[in-house]
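Novice: Please work out how this folds:
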Amino acid sequence: MSDWRDPPNRLRYLILAGVLLRLVLIVIRFDEFSDDRDAYLGIANNLLQGVGFCTPGTDQPTAFRPPLYPLLVAALTGVFGTPGIAILHLVAGGVTIGVTVKLGERLGLKRGALIAGLLVAIDPILLRYTTLPMTEVVFTALSTTMLWLWSRADQRPSWNGYLLTGFAFGITALCRPSLLPMLPVLWLLYLLNDLREMNRLGRAIKSTLCVVLVGTAAMITMLPWGVRNLQVFGHFKLTTTHGGYTLLLGNNPVFYDAVVRQRIGTTWGDYDNDDSRSQSNWIKKLNSQLDEQGLTSEFERDRAQYNRAIRNIQTEPLMFLRASLLREIRFWSPVPIGPQTRLMNPVIYWGTAFFYFAVYLFAFAGIIFVLRPPANRRKKWLPALAMVITFATVHSVYWSNARMRAPLIPVLAILAASNYGRKS
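Specialist: Numbering: from 1, shown residues only. All right, here's what the predicted structure looks like:
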């Protein structure tokens, strides 16, 4: 019992319990590691075979997916086989739990930091995606680590601290580029906070320099990916060719008619493949139309899909607003939406609903607290709040569902736990 009273030991036990829980799920659902929903395994397999970062089943270079996750999968499966993915996700899960606690302590939580770690350890979304070869759990570990580094750099300002934060930011963006808008969002939050205080101009300049330094280090970190795309495709691109598709996916007349105009809870998954409004038929028709236009390269097709999505938004602005509201509902939904909910155990379904309703309620109370003066307390929370704003905004425009909020779970857990054991 004396060991349990020691805070470092409590953290170790919590991480161990979280990892063991994930290990049990991995043993039960190990076959899901072969479910290549986002083509990361196919790209990783091409890398292992020496084909390169190419579309699965071909030797055609691709930039459709960000590079970090398939590179990690290729490295680990090359040594351990499929269990390498399990190892990667177990490590990511343990890191997320531990760093959440450390970030909570940085932000002023006492015992509440361990509560935040516990919420992350049992979070349904992070547990569910532990057994799928997708970016959720790795990206969450990276983004939480980046926030911890940024918090440390803000509290102990140094060039090295911000450079390290920028490196972590760039690595994280190579796992999922939707993080990138966080930089201007955070800069704006810093300015709004600093300009309310004494010595306003000096504080604002210092905050601006910090964001610029982090952004510069991040861009340098991502530079090799951009150079690779320039050499292979003739286009310098630090992100992916996936953006046009994900924007068009949620902003097109078929989606509006099949989902947005229907009752809440309707998804494309409710339609059979032989239905003209099904997602699979829409994708087939889209690809056929792009082929007919002679668009062969990923960059041409990405640009064409962006242009189509923007035209759809301009043509039906009210439907875009309705679709954006629907995307926010999906993003924050406390329970899964779609046909799979019919197969869920009622205990799991309602348990998940209760869990997220409670987290949201206490997180909202936490936000009210951290936004109150003094400004120095408020400022140290701004990177975490900027990430929440960024992802909620991005996924109100691009495709959205509940798994997209996975990287926000540690922040929400810390906000919820901030109601307990606060430091002044």
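
Novice: longest helix anywhere in this structure?
Specialist: Taking DSSP state H as the criterion, the chain has its longest helix at helix 200-233.

Novice: Output the contacting helices and strands for the helix or strand just after it.
Specialist: Next helix or strand after helix 200-233 toward the C-terminus (DSSP states H and E): helix 243-249. Helix 243-249 is packed against helix 298-315, with contacts defined by 3 or more Cβ pairs under 8 Å, 6 or more residues apart in numbering; DSSP states H and E. All C-beta spots, glycine's among them, are computed from the backbone N, C-alpha and C.

Novice: if we can go back for a sec, let me know the angle separating the longest helix of the chain from helix 298-315.
Specialist: Angle, helix 200-233 to helix 298-315, by axes from the mean of the first three to the mean of the last three Cα atoms, to 10 degrees: 130 degrees.

Novice: so how far is the helix or strand that contains V137 off the chain centroid?
Specialist: Using DSSP H and E, V137 sits in helix 136-155. Averaging C-alpha positions (Cα atoms, centre = their mean, to the nearest Å) puts helix 136-155 12 Å from its chain's average.

Novice: export it as PDB, just CAs?
Specialist: What follows is helix 136-155, C-alpha atoms only, in PDB (Å, rounded to 0.1, in the frame of the first residue of the first chain):
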ATOM      1  CA  GLU A 136      -5.800   7.100 -34.400                       C
ATOM      2  CA  VAL A 137      -3.800   5.700 -31.500                       C
ATOM      3  CA  VAL A 138      -0.400   6.700 -32.800                       C
ATOM      4  CA  PHE A 139      -1.500  10.200 -33.800                       C
ATOM      5  CA  THR A 140      -3.000  10.700 -30.400                       C
ATOM      6  CA  ALA A 141       0.200   9.700 -28.700                       C
ATOM      7  CA  LEU A 142       2.200  12.100 -30.900                       C
ATOM      8  CA  SER A 143      -0.200  15.000 -30.500                       C
ATOM      9  CA  THR A 144      -0.400  14.600 -26.700                       C
ATOM     10  CA  THR A 145       3.400  14.500 -26.500                       C
ATOM     11  CA  MET A 146       3.600  17.700 -28.700                       C
ATOM     12  CA  LEU A 147       1.200  19.500 -26.300                       C
ATOM     13  CA  TRP A 148       3.300  18.400 -23.300                       C
ATOM     14  CA  LEU A 149       6.500  19.700 -25.000                       C
ATOM     15  CA  TRP A 150       4.700  23.000 -25.900                       C
ATOM     16  CA  SER A 151       3.500  23.400 -22.300                       C
ATOM     17  CA  ARG A 152       7.000  22.800 -21.000                       C
ATOM     18  CA  ALA A 153       8.500  25.300 -23.500                       C
ATOM     19  CA  ASP A 154       5.900  27.900 -22.500                       C
ATOM     20  CA  GLN A 155       6.600  27.500 -18.700                       C
END
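
Novice: which helices and strands does it pack with?
Specialist: Packing partners of helix 136-155 (3+ Cβ pairs under 8 Å, 6+ apart): helix 68-80, helix 83-106, helix 124-128, helix 159-173, helix 200-233, helix 375-397, helix 409-417.

Novice: so where's this structure uncertain?
Specialist: Residues of the chain that meet the criterion pLDDT under 70 lie in 1-5, 7, 197-199, 375, 421-424.

Novice: roughly how far apart are the spatially most central residue of it and T100?
Specialist: Nearest to the mean C-alpha position of the chain, by Cα atoms, centre = their mean, lies P407 at 4.3 Å. P407 sits 12 Å away from T100, going by Cβ to Cβ, to the nearest Å.

Novice: rewinding a little: what's the separation between the residue nearest to the centre of the chain and A413?
Specialist: Using Cβ to Cβ, P407 is found at 12 Å from A413.

Novice: With R106 instead?
Specialist: Distance from R106 to A413, counting by Cβ to Cβ: 14 Å.

Novice: Kindly provide the distance from W187 to R106.
Specialist: According to Cβ to Cβ, W187 and R106 sit 21 Å apart.

Novice: Same question for Y190.
Specialist: Between Y190 and R106 the computed distance is 17 Å (Cβ to Cβ).

Novice: The spatially closest residue to F355 that is not a sequence neighbour: what's it in contact with?
Specialist: Nearest residue to F355, sequence neighbours excluded (Cβ to Cβ, 6 or more residues apart in numbering): P124, at 6.5 Å. Counting by Cβ atoms under 8 Å, 6 or more residues apart in numbering, P124 makes contact with T352, F355, Y356.

Novice: quick revisit: may I see the helices and strands packed on helix 136-155 organised as JSON lines, with distance to W148 added?
Specialist: Shown next, in JSON lines, are the helices and strands packed on helix 136-155 (distance: least, Cβ to Cβ, whole Å):
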{"stretch": "helix 68-80", "distance to W148": "19"}
{"stretch": "helix 83-106", "distance to W148": "4"}
{"stretch": "helix 124-128", "distance to W148": "17"}
{"stretch": "helix 159-173", "distance to W148": "9"}
{"stretch": "helix 200-233", "distance to W148": "14"}
{"stretch": "helix 375-397", "distance to W148": "10"}
{"stretch": "helix 409-417", "distance to W148": "9"}
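
Novice: Could you identify which of the ones you listed is most buried?
Specialist: helix 409-417 (a mean of 28; mean count of other Cβ atoms under 10 Å).

Novice: Pull the residues that contact that helix.
Specialist: Helix 409-417 is contacted from outside by 96, 99-100, 103-104, 107, 109, 112-113, 115-117, 119-120, 123, 125-126, 140, 144, 147, 358-363, 366-367, 370, 384-385, 387-388, using Cβ under 8 Å, 6+ apart.

Novice: Tell me what angle that helix forms with helix 83-106.
Specialist: Using the same axes, to 10 degrees: helix 409-417 against helix 83-106 is 30 degrees.

Novice: quick check: angle from helix 409-417 to helix 375-397?
Specialist: 130 degrees.

Novice: How far off centre is helix 409-417?
Specialist: 15 Å.

Novice: what does stretch 304-316 give?
Specialist: Using Cα atoms, centre = their mean, the offset of stretch 304-316 from its chain centre is 25 Å.

Novice: what do you get for stretch 131-148?
Specialist: That offset, for stretch 131-148, works out to 7 Å (Cα atoms, centre = their mean).
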